[in-house]
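Visitor: Prediction below, plus the sequence it came from.
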Amino acid sequence: MATVDITERFQVRATPETVWAYLNDPGRVVQCLPGASLDEVIDENTFNGSMKVKVGPITTNYKGRVVMTERDETTRTVRMSAEGREGSGGSVRGGMTSRLAEVEPTSTSARNPAATATPRACRPPKVATMMPV
């Protein structure tokens with residue numbers, strides 16, 4: 001299984017309260033993910049969606065579920081897990097923890113890590129059986 005770890009830190013010109021509200025609204029967050037759509041809200045913590053991903057010449061579509069496993073307003077931390085499948089049998093599974101920190105009165109920084117994937121592009125090629133001639 002191929003593992004991809006992503007750690008990103010960024011700063012936005014908004015108060016932590018504003019960023020926290022945005023981060024807890026999946027309908028707004030999905031707009032930041034090219035190729036993603038929010039297809040169904042199961043409950044306040046569970047969401048079904050889809051995402052089109054293109055890596056080089058390979059394009060694939062995933063359908064899956066995201067579950068918000070923790071929301072701590074005091075520490076401004078959100079944890080979520082996600083699983084998805086593509087039509088040809090590949091899968092993706094991951095988790096993310098976002099932590100917000102006030103940098104100055106009008107800016108907030110965020111940190112987001114971790115994903116694990118086994119898409120088609122990461123699978124070893126099939127080896128043909130050779131017959132003696």
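Guide: Thanks, I have the structure now. Bear in mind that the values here come from a model prediction, so they are computed numbers and not experimental data.
Visitor: What degree of burial does the residue nearest to residue 52 when sequence neighbours are not counted show, as a neighbour count?
Guide: Nearest residue to residue 52, sequence neighbours excluded (C-beta to C-beta, 6 or more residues apart in numbering): residue 35, at 3.8 Å. In this view, the C-beta of every residue, glycine as well, is placed from N, C-alpha and C. Neighbourhood size, residue 35 [other C-beta atoms under 10 Å]: 12.
Visitor: pLDDT on stretch 26-40, on average?
Guide: Throughout stretch 26-40, pLDDT has a mean value of 92.
Visitor: quick one: residue 62 and residue 50 touch, right?
Guide: Yes - Residue 62 is in contact with residue 50 according to C-beta atoms under 8 Å; the separation is 6.4 Å.
Visitor: So between those two, which is more surrounded?
Guide: Each of residue 62 and residue 50 has its neighbours counted (other C-beta under 10 Å); residue 62 has more, 22 against 14.
Visitor: Give the bridge partners for the more buried one, please.
Guide: residue 51, residue 86 (DSSP bridges).
Visitor: dump the residue contacts of it.
Guide: Contact analysis of residue 62 by C-beta atoms under 8 Å, 6 or more residues apart in numbering lists 50, 51, 52, 53, 84, 85, 86, 92.
Visitor: Relative to residue 24, which of those residues is nearest.
Guide: For the contacts of residue 62, the residue nearest residue 24 by C-beta to C-beta is residue 51; the value is 19.9 Å.
Visitor: Please report the distance of that closest one from residue 17.
Guide: In this view, residue 51 and residue 17 are 29 Å apart by C-beta to C-beta, to the nearest Å.
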